[in-house]
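Visitor: could you work out the structure for the sequence below:
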Amino acid sequence: MQILLILSLIIAVVAVVFAVSNTGSADVSFLGFDLYNGSLALILILSMLVGVVISMLASTPSIVRNKWTVRKLNKKLVEMEKTLNEQAVKLAETETQLQERTTELEAARAGEAVEAPVESAEPEKNNTPSPA
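Guide: Down below sits the predicted model:
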């Protein structure tokens, strides 16, 4: 941005020096009408100003379009950040539930491991005679 400003100032200084160097008189006519008869420097400075105004007017639609696009994208960004935050909360809740279930599963497995040695490997034989 600063480079653009410096470049604009250099062009303006060169144009002013050029206009001041040309102090002669000039006639301006358009479509057969004599519009102005006077200083060539004034004519050059006014024509530069008209060129600046025309270029500003020509760039206005793209500037407005860009501002609308930026506004639209900012709204979309806010919505996406909100969605991201909601998903982060859901992820944290899910991770907490997973940790709880993992702890429960490990506790259940530890309980099974403790109970396993108490049980015998072979089923006990029943020595009582069966009524036949």
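Visitor: ok, residue 84 to residue 64 distance?
Guide: Relative to residue 64, residue 84 is positioned 30 Å away (criterion: C-beta to C-beta, to the nearest Å). The C-beta positions use only the backbone N, C-alpha and C, and glycine is treated the same way.
Visitor: so what does the lengthiest helix in the chain touch, helix or strand wise?
Guide: Selection of the longest helix in the chain by residue count, based on DSSP state H, yields helix 40-115. Judged by 3 or more C-beta pairs under 8 Å, 6 or more residues apart in numbering; DSSP states H and E, the packing partners of helix 40-115 are helix 2-21, strand 25-30.
Visitor: so for residue 103, which of these sits nearest?
Guide: Proximity to residue 103 (C-beta to C-beta) singles out helix 2-21 among these, at 60.0 Å.
Visitor: avg pLDDT for that closest one?
Guide: Across helix 2-21, the average pLDDT comes to 82.
Visitor: centre of the chain to it, how far?
Guide: Relative to its chain's centre, helix 2-21 lies at 35 Å (C-alpha atoms, centre = their mean, to the nearest Å).
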